[in-house]
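Colleague: Fold the following, please.
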Amino acid sequence: MDKFDILWLNKTAQENNGLKHGDYRRYRLYCTRKLHRLRKALKWTQGRGRFVKRKVGEEEVVSKGDVRFLWLVLLQAERAWSHGMELKEEAALLQNSKKQKRMATRRKRRWPLRKWTKAALWAKQLERLCSSVEAPTKTILEAQAYAEMMSGHAWLEKKQWKASQNSFQRAYSILEKLEQTKGTSAQQRLVYRQYIQEMEPSIRYCRYQLTKLSSEENFDHDALFLAELEQKCNQLESELQAKENGASMLSVEWHGTRIPVANRRVQQYLERIADRQGNENDAKQLEKIVSYYTQCIRIVSKESEQMIRTEMHEPIVQELDMLKAYLVTNRVEVALKRNLLIERNLESNHAASWKQRIRLVEQCVNLCGEILQLKDLQNDIETYKYWSQRKLFFRVYRRFYLASYLSNRHMWTDSYLISKKALEEMQQISKKDLRDDDWIQQRIDTLEENTTRQACLSKAYAILDEHQLTEKWNKLKLDSTSSGSSKTALVNRLDEIVLPQSFERLVKIVDLQPSFIQVPCKPFLFDLASEQLTFPDMSLFVNEENKAIQDNISKKGLLGRAVSWFSGKK
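Modeller: Next up, the predicted model:
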């Protein structure tokens, strides 16, 4: 049978549906709606004929093999308990009312007791079902603790102090053992601790009432119960250890620490990642894996933010931070593989632009920066050096591509300066720290040679451009007398520098009027050819157009309209 986290599901439903603010009515309505939806999904609805209650027994749970039948029983208990708490609040509001409402007040005091008793019976049925269908040991212990809590609450409201204290003490012992069990996640420990804190005031109140009655009975636990509890906890530890060894997806290892993965959605994404890890040469598959890791990081970050708001957040947030660091590291590794695969394809494709390569290496630099920002990585000196050297290598790679791009645009000085800076950073790279990265080891020497070649080439072209510029500068005429006395218009001698002293006289900017340009005449044979051509007679078309124009003119004005009306021409 599958695992069924009773207490975690119960606490999550309570916090998300009203009990976070003490709204018992809203929680009761949620339980009712959830019961209807579950019955429809399981096809376990009541008949339309004579009412015969359909009970959830051992045969149904075993034959169907669905843990949602256990959820049905749990929701029945929760609905009865929340209804009793709602009636208790209403009775407290009517306590100081008028005399005619006192009978209704007494009725509402008795009504909750029946609801709490009913909730305890449903909880006992849940415990029996979990024990009979051979559920996991953890589920059985949680069901037993839940049943004892419901029974203790019912006995407490009935003022049966001794029975209430015994029930609460049993539930307290079970939850305390579950909290201390190895393999329990920090999230589950937080839920157990919340239930323990909720029971402590009730246990103290029962002790106070028993002391007040001068009871001399023994309040200690039953020795047989404690022995059975110890045996079940040992069995639970062995089951968790076997499950951890058999299913590696339920926990991950990060820097020698094993972190359990409690979230179901994260487990599903990790299983999908495991199915796609074989295709390392397929960029689309790697992109899909990166998206799965991104979804996992988003879920874990959101869960961590929710846990920070609680009081007992330190252990679970620390565990979630370690899980997030593991996911971020794996996502960056896969993203780097994808980028390097694309970069290899761009190298083979000579038509690829330098901008695409620069953008690709820029992403690699940012990915390495994400790793260096992790909190856990700063304590690990070797790993921090490794990722720092990788980031430095990709920065040099980016400078080399940028220098190549600038040289293609004939910006030789900028290209030389960037290449020189890349060579300076290349001296800071340690091959010893990058010995685990085969891709970088293969390209680090080639990158240094290409960067040196690019720097020399850019410097040579920069010097050549400087000589050509000097020659052009020497060709310029800087004689003020010649420029001022020249009769040529400024438009026709823009390559000369006209000094301000030359503007003492009027300077011709443009020739006005423009000089005449000889235009070739029409060929002589064109007239001879045109005489041999015959054109159609256009007189008919010209007469029709003239008549239409005259008709339009006659229709203008008031008199023209009247004439056209009486003449039948509208």
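Colleague: what's the domain layout of this protein?
Modeller: 6-44+56-246, 247-352, 476-529 (automatic domain parsing).
Colleague: closest to residue 463 out of these?
Modeller: Residue 463 lies closest to domain 476-529 among those, at 21.2 Å (C-beta to C-beta). In short, each C-beta sits where N, CA and C put it, glycine included.
Colleague: rewinding a little: for the domains of the chain, please prepare CSV with the additional fields distance to residue 535, mean pLDDT and mean neighbour count.
Modeller: Formatted as CSV, the domains of the chain follow (distance: least, C-beta to C-beta, whole Å; pLDDT from 0 to 100; neighbours: other C-beta atoms under 10 Å):
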stretch, distance to residue 535, mean pLDDT, mean neighbour count
domain 6-44+56-246, 91, 81, 17
domain 247-352, 58, 80, 16
domain 476-529, 13, 68, 10
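Colleague: Would you mind putting those domains into CSV with distance to residue 414 alongside?
Modeller: Listed next are those as CSV, based on distance: least, C-beta to C-beta, whole Å:
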stretch, distance to residue 414
domain 6-44+56-246, 54
domain 247-352, 22
domain 476-529, 26
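Colleague: Can you tell me the SS state at residue 259?
Modeller: Judged by DSSP: H, G, I helix; E, B strand; the rest coil, the three-state class of residue 259 is strand.
Colleague: Figure out the helix or strand that the nearest residue to residue 115 once chain neighbours are set aside lives in.
Modeller: Closest residue to residue 115 apart from its sequence neighbours, by C-beta to C-beta, 6 or more residues apart in numbering: residue 84 at 3.4 Å. Using DSSP states H and E, residue 84 sits within helix 68-93.
Colleague: to the chain's geometric centre, what's the distance from that helix?
Modeller: 37 Å (C-alpha atoms, centre = their mean, to the nearest Å).
Colleague: Now do the helix or strand just after that helix against helix 68-93, angle only.
Modeller: Moving toward the C-terminus from helix 68-93, the first helix or strand encountered (DSSP H and E) is helix 102-132. Taking axes from the mean of the first three to the mean of the last three C-alpha atoms, to 10 degrees, one finds helix 102-132 and helix 68-93 inclined to each other by 160 degrees.
Colleague: other SSEs contacting helix 102-132?
Modeller: If contacts are counted by 3 or more C-beta pairs under 8 Å, 6 or more residues apart in numbering; DSSP states H and E, helix 102-132 sits against helix 58-64, helix 68-93, helix 137-157.
Colleague: switch to 6 Å and redo it
Modeller: Other helices and strands packing on helix 102-132, by 3 or more C-beta pairs under 6 Å, 6 or more residues apart in numbering; DSSP states H and E, are helix 68-93, helix 137-157.
Colleague: so where do the strands sit in the chain?
Modeller: 251-254, 257-260 (DSSP state E).
Colleague: Mind listing residues that contact the last one?
Modeller: This means strand 257-260. With C-beta atoms under 6 Å, 6 or more residues apart in numbering as the contact definition, strand 257-260 has outside contacts at 185, 251, 252, 322, 323.
Colleague: partner strands of it, parallel or antiparallel?
Modeller: The pairing partners recorded for strand 257-260 under DSSP bridges are strand 251-254 (antiparallel).
Colleague: Can you give the contact residues for the partner strand?
Modeller: Applying C-beta under 6 Å, 6+ apart, the contact partners of strand 251-254 are 244, 258, 259, 260, 322, 326.
Colleague: that older thread, can you list the helices and strands packed on helix 102-132 in JSON lines and add distance to residue 274?
Modeller: Listed next are those as JSON lines, based on distance: least, C-beta to C-beta, whole Å:
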{"stretch": "helix 68-93", "distance to residue 274": "27"}
{"stretch": "helix 137-157", "distance to residue 274": "25"}
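Colleague: Of those, give the one that comes closest to residue 131.
Modeller: helix 137-157 (5.7 Å).
Colleague: tell me what the closest one is packed against?
Modeller: Helix 137-157 sits against helix 6-16, helix 102-132, helix 161-180, helix 223-246, with contacts defined as 3+ C-beta pairs under 6 Å, 6+ apart.
Colleague: Residue 150 reaches residue 118, doesn't it?
Modeller: No. Between residue 150 and residue 118 there is no contact under C-beta atoms under 6 Å: 9.8 Å.
Colleague: Let me know which of the domains of the chain is the nearest to residue 396.
Modeller: Taking C-beta to C-beta, domain 247-352 is the member of the domains of the chain nearest to residue 396, at 14.3 Å.
Colleague: just for the stretch 351-500 of the chain, where's the confidence low?
Modeller: 351-352, 435-436, 472-486, 497-500 (pLDDT under 70).
Colleague: ranges for the helices of it?
Modeller: Using DSSP state H, counting those that start in this stretch, the helices found in the stretch 351-500 of the chain span residues 354-372, 381-408, 412-426, 438-475, 480-485.
Colleague: would CSV of those with distance to residue 332 be doable?
Modeller: Formatted as CSV, the helices of the stretch 351-500 of the chain follow (distance: least, C-beta to C-beta, whole Å):
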stretch, distance to residue 332
helix 354-372, 5
helix 381-408, 9
helix 412-426, 21
helix 438-475, 14
helix 480-485, 66
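Colleague: Of all the ones you listed, which one is nearest residue 273?
Modeller: helix 354-372 (17.6 Å).
Colleague: helices or strands up against that closest one?
Modeller: Using 3+ C-beta pairs under 6 Å, 6+ apart, helix 354-372 sits against helix 314-348, helix 381-408.
Colleague: burial of residue 445, as a residue count?
Modeller: 10 (other C-beta atoms under 10 Å).
Colleague: quick one on the thing from earlier: residue 290 is nearest to which of the strands of the chain?
Modeller: Comparing the strands of the chain by C-beta to C-beta, strand 251-254 comes nearest, at 17.5 Å.
Colleague: For the closest one, list the C-alpha coordinates in PDB.
Modeller: The C-alpha trace of strand 251-254 is given here as PDB (Å, rounded to 0.1, in the frame of the first residue of the first chain):
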ATOM      1  CA  SER A 251      16.700  11.600  -1.100                       C
ATOM      2  CA  VAL A 252      19.700  13.300  -2.700                       C
ATOM      3  CA  GLU A 253      23.300  13.800  -1.500                       C
ATOM      4  CA  TRP A 254      24.900  17.200  -1.200                       C
END
